[in-house]
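Undergrad: using only what follows, build the 3D model:
(3 chains)
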Amino acid sequence: MTEPLRITGTFLDEVTADIAGHNWGVKEWTQEFDTYVEAGIDTVILIRSGWGPRLSHPSKVISAQVKTIPVYMDMPELFLSLADERNIKFYFGLYDSGVYWNRNDWKGEVEVNRDYIPEVWHRYGSHKSFAGWYLPHETYDSGQRIIELNTSLAKLCRQTQDLPILSSPYWLGRYDMSLGYSLPAPSPRSLKEIVTQWDEIFKAYSGLIDVAAFQDGTVYELELPETLSAMRELTDKYGLSLWSNVETFDRDMPIKFPPIEWRKLVHKLTSAEGIVDKAITFEFSHFLSPHSMWPSARHLFDRYQEYLHGEHRALDQ
Amino acid sequence: MTEPLRITGTFLDEVTADIAGHNWGVKEWTQEFDTYVEAGIDTVILIRSGWGPRLSHPSKVISAQVKTIPVYMDMPELFLSLADERNIKFYFGLYDSGVYWNRNDWKGEVEVNRDYIPEVWHRYGSHKSFAGWYLPHETYDSGQRIIELNTSLAKLCRQTQDLPILSSPYWLGRYDMSLGYSLPAPSPRSLKEIVTQWDEIFKAYSGLIDVAAFQDGTVYELELPETLSAMRELTDKYGLSLWSNVETFDRDMPIKFPPIEWRKLVHKLTSAEGIVDKAITFEFSHFLSPHSMWPSARHLFDRYQEYLHGEHRALDQ
Amino acid sequence: MTEPLRITGTFLDEVTADIAGHNWGVKEWTQEFDTYVEAGIDTVILIRSGWGPRLSHPSKVISAQVKTIPVYMDMPELFLSLADERNIKFYFGLYDSGVYWNRNDWKGEVEVNRDYIPEVWHRYGSHKSFAGWYLPHETYDSGQRIIELNTSLAKLCRQTQDLPILSSPYWLGRYDMSLGYSLPAPSPRSLKEIVTQWDEIFKAYSGLIDVAAFQDGTVYELELPETLSAMRELTDKYGLSLWSNVETFDRDMPIKFPPIEWRKLVHKLTSAEGIVDKAITFEFSHFLSPHSMWPSARHLFDRYQEYLHGEHRALDQ
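TA: Numbers count the residues shown, from 1 in each chain, chains lettered A, B, ... in the order given. The predicted structure follows:
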């Protein structure tokens, strides 16, 4: 029997965009990091270190360029310290202005990060858990000048400190309820279109960006195995590592967003088994943690544990 | 004093469409069925046994016709066993393709269920709790060829095993927030239109479909008593049983869907008192259960118990 | 060091419009009022005593004018009694027909309340906690004949019993997700427009309406200090008291509405420090209470307590 695919990484979504915060303090985050260890999580990724006027830590560089709201807690310091003590790897998500990029000004988005990346390394580089960079500008095709933006940001990271660089793109392979509030939505992409786009993107990423962890809820469930296999061919071709971002939230409910139904999670994990190098999730604390504000997350964790122990394999007809 | 109307049946919404799942396992469902007994629930209705690619159990018949996702748990087997041990009646909801019907192909929808119904009976018919069939294709008027679809499915059920057949239609007697995401919505129906439609539908159902359990949240609350009374005349005329599907979720909140406010529940129960033969709910586990993920469901259960004990009757002016 | 601004008042949102109810009974409300005392809440405001067909208590006056649903609990009686015993001040929110006003018939809205206000005082005036009136028709500019409506209602209140009169208007200084379902939304107002509108409104309110507690989530966070300062000038000019309605729900999440992120709350409290006479919130029980249905509200309460004890002040760059 194949070993079940285990989720060993999670995003930290504490500069939130569309997920309501837990309002956890130091005590709750410490407890959560202990749970990470128990659950086999060895990697955490700060999804972004700032978004528009909100910063996760005081930054002279950003505040000189963008009007910002005061910072009341040094979030990376807390997370890096918790990770240090537990041998967890920490990926640092860059700043997303929510301004330049949205106005199709990819150069402005690079500029706002140019001096910020060295500032970050100066501030946090001594933490032994600081293991890599994360590019927070999510990609689904080669439009919006995303190739230029992400390769430029990756070069800046490498110039500051040569560490692994992670991205977590999406496929737009289906239409889902979660897109509803930003209509008109672009049309879903066919697998053929997806392959064409990513052949171009990975070619540009090659040697510069190390990992693509695709958001697995962005194709129809039945098409997930073949989509992942096609991506595997491309990441092999261009020398990237393929991870799966196994989403633990449900994209198909009117409530945006509850924990996913456990059967969908099992199906997605099973679909990625043997294809991907590693499975991470967006994200453990809201949607899979026994400490989540959603009781259904706590039960999802139980079902996930049963799956790890060999239960919930596909039944014969 | 009239005996308060008690909810004695509930849907099981575990092949979910728009309600986020609890992610319960065997232990939690066993506890829930024990609570059903304590709360006076003698009837459970599996709302559908499959929806598009999702099945509640492995089915050679469906998987030969529609591409399906693997099944990780035999849901009807679990529910029927729990019902067997507790003398609870179980109604089996048919398969909803979400394909044929949506394309106005009622014959395709019948075909996909034709060999499925005998397969179901072969698989689960030995359970003593298997008490009836449920038609999952919800109706609000005589359009969409729903009369042909539902009478054809009912005939197939009767041919396989002659058991009571339940439906739970709606009135579309008001516009509510829950329709917001499928605009353009059809206009709300007046009571006169509702009576005209159901006179035609019940005439066709007569002798074939046993029960109509109307979704009580689909007319304005103030119009519920007269609407139920009008339906009672029609079900008497055509020999059906009239139940009320006393919805325990709230249709008028931006969150889709939280437990209903207790005053609305009391009003709807009081409105149906003395008119209907039985009250069921959509559905106990999310919206009325002490085990629900919503704390407000647990409090709704408390208020409902107080109502059963004679509290919360209308105050004099 | 300045004393941190403390929230000393809360709305009671129990005739709900868009916030799902807790389904609390007498026991839970008693516990909650005890928590109010511990948390330093000295003021509660019933947001409205009726809305369309729903009343918080039996009312001959309203039921003679509008078709109403039976009342199952005397809500003001419960809240006033709980407030009496705890030396909490209670503001009584008037009736909102949801009919006349919505049809731009401000005179009809006044008429439906004309005999109701004396009925209320006759019914509840002996409670020692009955400290003032609240005008539930929310205002953002001088349109919709809101000046005529609110000054007319205020005069009726004063004629019945001369007590402080509270309003809680909004600025419409930004576009937020919470407006999404009532599009087309009016454009956000600039500070200049806001000042022009409120100079006219406060001139009319002067000597008649005592308090304006602006909804602090209705301008962009970065503009809150200057907006509050501008309002302070106007309330000083016209002799009103300026309070802040420090919203504890989050307007920027797809879920409508979760508890706010604690950093936003701290920022808004800090922004109002030294400018406003008092801080109240919409509202404690759902979004800040340790008894809330949202676990993130309980954690928000913890973070808020830490803030009151001097933590979470802005970090230096």
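Undergrad: dump the residue contacts of the residue nearest to A:R298 when sequence neighbours are not counted.
TA: Once flanking residues are discounted, A:R298 sits nearest to A:P290: 4.9 Å by CB to CB, 6 or more residues apart in numbering or on different chains. All C-beta atoms are positioned from the backbone trio N, CA, C, and that covers glycine. By CB atoms under 8 Å, 6 or more residues apart in numbering or on different chains, the residues touching A:P290 are A:T35, A:A297, A:R298, A:F301.
Undergrad: is chain B contacted by stretch A:19-31?
TA: No. Contact between stretch A:19-31 and chain B is absent, the nearest approach being 11.4 Å (criterion: CB under 8 Å from any CB of the partner chain).
Undergrad: any residue of that stretch touching chain C?
TA: Yes. Applying CB under 8 Å from any CB, one finds stretch A:19-31 in contact with chain C at A:I19, A:A20, A:G21, A:H22, A:N23, A:W24, A:G25, A:E28.
Undergrad: tell me the two of the residues you listed that are most distant?
TA: Based on CB to CB, the longest span within these runs between A:I19 and A:G25 and measures 17.9 Å.
Undergrad: ok, those two, which is more surrounded?
TA: Each of A:I19 and A:G25 has its neighbours counted (other CB atoms under 10 Å in any protein chain shown); A:I19 has more, 22 against 17.
Undergrad: how about the strands in chain A?
TA: For chain A, applying DSSP state E gives strands covering A:7-12, A:43-46, A:50-51, A:54-55, A:89-93, A:95-96, A:130-134, A:165-167, A:211-215, A:241-245, A:278-281.
Undergrad: can you tell me which of those is nearest to chain C?
TA: strand A:54-55 (7.6 Å; CB to the nearest CB).
Undergrad: and which of the residues of stretch A:19-31 next to chain C is nearest C:A83?
TA: Minimum distance to C:A83 across the residues of stretch A:19-31 next to chain C is 28.1 Å, recorded for A:N23 (CB to CB).
Undergrad: C:Y304 is in contact with the closest one, correct?
TA: No. Counting by CB atoms under 8 Å, A:N23 stays clear of C:Y304, with 9.1 Å between them.
Undergrad: what is in contact with the two at once?
TA: Residues within reach of A:N23 and of C:Y304 at once, by CB under 8 Å, 6+ apart, are C:W262.
Undergrad: not counting residues beside it along the chain, what's closest to the residue of the stretch 1-150 of chain A found nearest chain B?
TA: As assessed by CB to the nearest CB, chain B sits closest to A:A20 within the stretch 1-150 of chain A, at 11.4 Å. Leaving aside its sequence neighbours, A:A20 sits nearest to C:P258 (CB to CB, 6+ apart; 3.6 Å).
Undergrad: now A:D42
TA: Going by CB to CB, 6+ apart, A:D42 has A:T8 as its nearest residue, at 5.2 Å.
Undergrad: got the contact list for that neighbour?
TA: A:G40, A:I41, A:D42, A:T43, A:K278, A:A279, A:I280.
Undergrad: and with 7 Å instead?
TA: With contact set as CB atoms under 7 Å, 6 or more residues apart in numbering or on different chains, A:T8 has these partners: A:G40, A:I41, A:D42, A:T43, A:K278, A:A279.
Undergrad: can you tell me how far it is from C:Y170?
TA: 47 Å (CB to CB, to the nearest Å).
Undergrad: for the residue nearest to A:A20, which residues are in contact?
TA: C:P258 is in contact with A:A20, C:F249, C:D250, C:W294, C:S296, counting by CB under 7 Å, 6+ apart.
Undergrad: any of the contacts of A:T8 buried? List them.
TA: The neighbour count (16 or more other CB atoms under 10 Å in any protein chain shown) marks A:I41, A:T43, A:K278, A:A279 as buried among the contacts of A:T8.
Undergrad: check whether the third one really touches A:V246, as I assumed.
TA: So that's A:K278. No. With contact defined as CB atoms under 7 Å, A:K278 does not reach A:V246; the gap is 10.2 Å.
Undergrad: ok, how many other residues are close to A:L288?
TA: When neighbours are counted by other CB under 10 Å, A:L288 comes out with 27.
Undergrad: tell me the contacts of A:M73?
TA: Neighbouring residues of A:M73 by CB under 7 Å, 6+ apart: C:H312.
Undergrad: within range of chain C, give me the residues from chain A.
TA: Residues of chain A lying near chain C by CB under 7 Å from any CB of the partner chain: A:16, A:18, A:20-25, A:28, A:53, A:58-60, A:63, A:67, A:69-74, A:181, A:255-256, A:293.
Undergrad: from these, which ones fall inside helices?
TA: In this view, the residues of chain A next to chain C that belong to helices under DSSP state H are A:E28, A:K60, A:S63.
Undergrad: could I get those as JSON lines with distance to C:L208?
TA: Formatted as JSON lines, those follow (distance: CB to CB, whole Å):
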{"residue": "A:E28", "distance to C:L208": "48"}
{"residue": "A:K60", "distance to C:L208": "50"}
{"residue": "A:S63", "distance to C:L208": "44"}
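Undergrad: in ChimeraX, select just the buried ones from those.
TA: To isolate the buried members of those in ChimeraX, using 16+ other CB under 10 Å:
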select /A:63
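Undergrad: mind listing what's buried in stretch A:71-85?
TA: Under the neighbour-count criterion of 16+ other CB under 10 Å, stretch A:71-85 has A:V71, A:Y72, A:M73, A:D74, A:M75, A:P76, A:L78, A:F79, A:L80, A:S81, A:L82, A:A83 buried.
Undergrad: mark which of the contacts of C:P258 are buried, thanks.
TA: Taking 16+ other CB under 10 Å as the criterion, what is buried in the contacts of C:P258 is A:A20, C:F249, C:D250, C:W294, C:S296.
Undergrad: show me what from the stretch 151-300 of chain A comes close to chain B.
TA: Counting by CB under 7 Å from any CB, the stretch 151-300 of chain A sits next to chain B at A:180, A:221-222, A:250, A:253-255, A:258-259, A:261-263, A:266-267, A:294-296, A:299-300.
Undergrad: which of those residues count as buried?
TA: For these, buried by 16+ other CB under 10 Å: A:221, A:250, A:253-255, A:258-259, A:261-263, A:266-267, A:294-296, A:299-300.
Undergrad: just the residues you listed: which are in helices?
TA: A:W262, A:R263, A:V266, A:H267, A:P295, A:S296, A:H299, A:L300.
Undergrad: and those, which two are the farthest apart?
TA: A:H267 and A:P295 (22.2 Å).
Undergrad: between the two ends of stretch A:281-290, what distance do you get?
TA: End-to-end distance for stretch A:281-290, by CA to CA, to the nearest Å: 15 Å.
Undergrad: and the residue of the stretch 201-317 of chain A nearest chain C?
TA: Counting by CB to the nearest CB, the stretch 201-317 of chain A gets nearest chain C through A:K256, at 3.6 Å.
Undergrad: spatially nearest residue to that residue (excluding sequence neighbours)?
TA: In space, A:K256 is closest to C:P254, 3.6 Å off (CB to CB, 6+ apart).
Undergrad: tell me the confidence at that neighbour?
TA: Confidence at C:P254, expressed as pLDDT, is 88.
Undergrad: so it sits right up against A:P254, yeah?
TA: No. Using CB under 7 Å, C:P254 is not in contact with A:P254; the gap is 9.8 Å.
Undergrad: nearest to chain C: which residue in the stretch 51-200 of chain A?
TA: Closest point on the stretch 51-200 of chain A to chain C, by CB to the nearest CB, is A:P70, at 3.5 Å.
Undergrad: could you measure that residue against B:P136, distance?
TA: Distance from A:P70 to B:P136, counting by CB to CB: 54 Å.
Undergrad: more crowded one of these two?
TA: Taking neighbours as other CB under 10 Å, A:P70 and B:P136 compare with B:P136 leading, 25 against 19.
Undergrad: so that one sits against B:L94, correct?
TA: Yes. Assessed by CB under 7 Å, B:P136 is found in contact with B:L94 at 5.6 Å.
Undergrad: that older thread, what would the strands of chain A look like in TSV with distance to C:E311 and mean pLDDT?
TA: TSV is the format used below for the strands of chain A (distance: least, CB to CB, whole Å; pLDDT from 0 to 100):
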stretch	distance to C:E311	mean pLDDT
strand A:7-12	21	98
strand A:43-46	22	98
strand A:50-51	22	96
strand A:54-55	18	96
strand A:89-93	25	98
strand A:95-96	26	96
strand A:130-134	26	98
strand A:165-167	33	98
strand A:211-215	36	98
strand A:241-245	34	98
strand A:278-281	31	98
